[in-house]
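[1] this one's structure only:
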């Protein structure tokens, strides 16, 4: 079963430089301005088609600015494509940034509720998972303190703990596996393995090629918004490393 | 629904965390300005409004105005301040505005007992008219303020100048709306202009309800007309602009 289907997706960004000269200058040079705006477009994704089957783990690699995060953003539904279509089935847990939506004045507990509800759970569902989330985070001692007293590692741990208890059908991960100490990282990998056994679909963006190699069934190499190559992890990674 | 609830709770908690007087601030602010206007206009300029003690009249308009000004004034930054959410999490973005305006509405409701106390102080009493009146006007004001805040929040993602414009505009609107004066003291030839003010009916309806215990059907009708317009326009602007928020905040 196809869970994610991207069909000829193009995402074009205008470089936003408009009105940097102020209103008067811009109006005086209006034709210039229009020309410069259309000249300063670039394709973050250029006609990308991709299908991901249920239970597959797909790794996305490529240089900075090659469109990896845009791709994840499109699958997550936070941005829309210019042309082409994006279809995703089931509950998506977009781990694009750990702790997005956390509030630093609220306590750990309050942030778990806030984050869980933002990610699409009901309050009751969060309450039911609370114990598991707390246990996973290993932060029991600090959860009554406001988040601003946490170290950045602790914040990331909390974010990850909420995220892995969303019971997603599709998990999108953008460079966030390297959080916490080695113990916690080991627990994260364990949890991800568990997800894999349950048939959760993964899309992972990472520069840590070892991570991609160990977790993914298939690797997609993006370059300048286009798919350069895709296939078995060893082959694609080898080709990417040579380039 | 759960999301709205949790966000409103968050706003409340955040607003009052490590502040000593807490909720008193939402009353203190308009109350302070009431005192200032009373001193400047009522005492120094000897301004009077026929039929009402001036401080009482000020209170009746000041609290609803405070809600309107803080919701619309907070609008421009509503999406921008939540940039990380908008970029990284998928949820209906207008919920940010809904919960912000709801929070302000709750603060407004908490000021009603204060209005009541001042009324009693001046030997006046509320009537049953308040019971249908308050929810009716709260809904009208919610729609008005939500629509306006949604519109400015959406546009401000693209044109950041709006934040300053809105602040100026609100200040001007305050003096052009019958908050510190009543329509009865305005020369007749200018009444037409006050009729053009989209928030005047709402504020006047509040004053009529709180001061005279009278729910004026004409004012309520006019208030709803502008409420529905604000709501529709705000929603249309938001619909048109929201797909690109994540790229620009």
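    Arrived safely, thanks for sending. Since the structure is predicted, the reported quantities are computational estimates derived from the model, not experimental observations. Numbering: from 1, shown residues only, chains lettered A, B, ... in the order given.

[2] Helix or strand: which one has the residue lying closest to residue A:162 once chain neighbours are set aside?
    In space, and not counting its chain neighbours, residue A:162 is closest to residue A:115: 4.7 Å by Cβ to Cβ, 6 or more residues apart in numbering or on different chains. Using the backbone N, CA and C atoms, a C-beta is placed for each residue, glycine as well. Element membership of residue A:115, judged by DSSP states H and E, is helix A:108-118.

[3] Touching that helix from outside, list them.
    Helix A:108-118 is contacted from outside by A:99, A:101-103, A:106, A:123, A:125-126, A:129-130, A:133-134, A:137, A:139, A:142-145, A:147, A:150, A:158-159, A:161-162, A:165-166, B:2-3, B:6-7, B:10, B:13, B:85, B:89, B:91, using Cβ atoms under 8 Å, 6 or more residues apart in numbering or on different chains.

[4] Among those residues, which ones are in helices?
    Members of the contacts of helix A:108-118 lying in helices (criterion: DSSP state H): A:123, A:125-126, A:129-130, A:133-134, A:137, A:158-159, A:161-162, B:2-3, B:6-7, B:10, B:13, B:85.

[5] closest point of chain B to chain A, which residue?
    residue B:88 (3.7 Å; Cβ to the nearest Cβ).

[6] need the contact list for the closest residue in space to that residue that isn't next to it in sequence.
    Spatial nearest neighbour of residue B:88, excluding adjacent residues (Cβ to Cβ, 6+ apart): residue A:100 at 3.7 Å. Counting by Cβ under 8 Å, 6+ apart, residue A:100 touches A:159, B:84-85, B:87-89.

[7] what residue ranges in chain B score low on pLDDT?
    When residues are selected by pLDDT under 70, those of chain B lie in B:17-22.

[8] how distant is the strand or helix carrying residue B:135 from the center of its chain?
    In the assignment (DSSP H and E), residue B:135 maps to helix B:130-158. On the basis of Cα atoms, centre = their mean, to the nearest Å, helix B:130-158 sits 8 Å off its chain's mean C-alpha point.

[9] how about that helix: buried residues?
    B:130, B:133-134, B:136-138, B:140-157 (16 or more other Cβ atoms under 10 Å in any protein chain shown).

[10] next one: stretch A:211-222
    For stretch A:211-222, by 16+ other Cβ under 10 Å, it's A:211-212, A:215-216, A:219-222.

[11] And the residue nearest the centre of chain A, what's its pLDDT?
    Geometric centre of chain A, nearest residue: residue A:96, 3.0 Å, by Cα atoms, centre = their mean. We have a pLDDT of 80 for residue A:96.

[12] residue contacts, it?
    Each residue near residue A:96 by Cβ under 8 Å, 6+ apart is listed here: A:69, A:72-73, A:76, A:78, A:172, A:174, B:87-89.

[13] mind listing which of these are in helices?
    Counting by DSSP H, the contacts of residue A:96 contribute A:69, A:72-73, A:76, B:87-88 to helices.

[14] on that earlier part again, so the helix holding residue A:115 versus helix A:123-137, what angle?
    Here helix A:108-118 points in a direction 130 degrees away from that of helix A:123-137 (axes from the mean of the first three to the mean of the last three Cα atoms, to 10 degrees).

[15] any idea how far helix A:108-118 is from the chain center?
    19 Å.

[16] Pull out the buried positions in that helix.
    Here helix A:108-118 shows A:108, A:110-118 as buried, counting by 16+ other Cβ under 10 Å.

[17] pLDDT of it, averaged?
    pLDDT averaged over helix A:108-118 gives 91.

[18] Give me the neighbour count for residue B:221.
    Using other Cβ atoms under 10 Å in any protein chain shown, residue B:221 has 12 neighbouring residues.

[19] Could you do residue B:243 as well?
    If we define neighbours as other Cβ under 10 Å, then residue B:243 has 11 of them.

[20] ok, it to residue A:7 distance?
    Separation of residue B:243 from residue A:7 (Cβ to Cβ, to the nearest Å): 18 Å.

[21] So residue B:171 versus residue B:161, what's the distance?
    Taken as Cβ to Cβ, the span from residue B:171 to residue B:161 is 16 Å.

[22] what do you get for residue B:196?
    In terms of Cβ to Cβ, residue B:196 sits 25 Å off from residue B:161.

[23] The two - which one has more neighbours?
    Of the pair residue B:196 and residue B:161, residue B:161 is the one with more neighbours under other Cβ under 10 Å, namely 12 against 8.

[24] which bits of chain B sit near chain A?
    B:2-3, B:5-7, B:10, B:13-14, B:17-18, B:82, B:84-91, B:243-244, B:246-248 (Cβ under 8 Å from any Cβ of the partner chain).

[25] Please report phi then psi for the residue in chain A positioned nearest to chain B.
    For chain A, the residue closest to chain B is residue A:100, as judged by Cβ to the nearest Cβ, at 3.7 Å. Residue A:100 adopts backbone torsions of phi -60, psi 130, taken as degrees, to the nearest 10.

[26] Then residue B:89?
    Dihedral angles for residue B:89 - degrees, to the nearest 10 - are phi -130, psi 140.

[27] Okay, now the unreliable bits of chain A?
    For chain A, the ranges with pLDDT under 70 are A:15-28, A:30, A:32-40, A:176-179.

[28] where along chain A do the strands fall?
    Under the criterion DSSP state E, chain A carries strands at the ranges A:2-14, A:41-53, A:57-61, A:83-88, A:92-95, A:170-174, A:201-205, A:218-223, A:226-231.

[29] related to what we said a few turns ago, find the pair from the buried residues of stretch A:211-222 with maximum spatial separation.
    Across those, the longest distance by Cβ to Cβ is 17.6 Å; it joins A:215 and A:222.

[30] quick one, what contacts the residue positioned nearest the centre of chain B?
    Nearest residue to the geometric centre of chain B (Cα atoms, centre = their mean): residue B:68, 1.5 Å. Residues in contact with residue B:68 (Cβ under 8 Å, 6+ apart) are B:141, B:144-145, B:199, B:202-203.

[31] swap in residue B:242?
    Neighbours of residue B:242 in contact, by Cβ under 8 Å, 6+ apart: B:93-94, B:154.

[32] So it lies in a helix, does it not?
    Yes: under DSSP: H, G, I helix; E, B strand; the rest coil, residue B:242 falls within a helix.

[33] burial count for the residue of chain B closest to chain A?
    Counted by other Cβ under 10 Å, the residues lying close to residue B:88 total 22.

[34] Please apply the same query to residue A:140.
    Neighbours around residue A:140, by other Cβ under 10 Å: 10.

[35] Need the nearest residue in space to it, chain neighbours excluded.
    Using Cβ to Cβ, 6+ apart, the closest residue to residue A:140 is residue A:134 (5.8 Å).

[36] Quick one: residues contacting that neighbour.
    For residue A:134, the residues meeting the contact criterion (Cβ under 8 Å, 6+ apart) are A:112, A:140, A:143, A:161.

[37] count of residues packed around residue A:72?
    23.

[38] gap between it and residue A:220?
    As for residue A:72, its distance to residue A:220 is 12 Å (criterion: Cβ to Cβ).

[39] what does residue A:14 give?
    Residue A:14 sits 26 Å away from residue A:220, going by Cβ to Cβ.

[40] and if you look at residue A:42?
    20 Å.

[41] now residue B:152
    Applying Cβ to Cβ to residue B:152 and residue A:220 gives a distance of 41 Å.

[42] same question, residue B:101
    43 Å.
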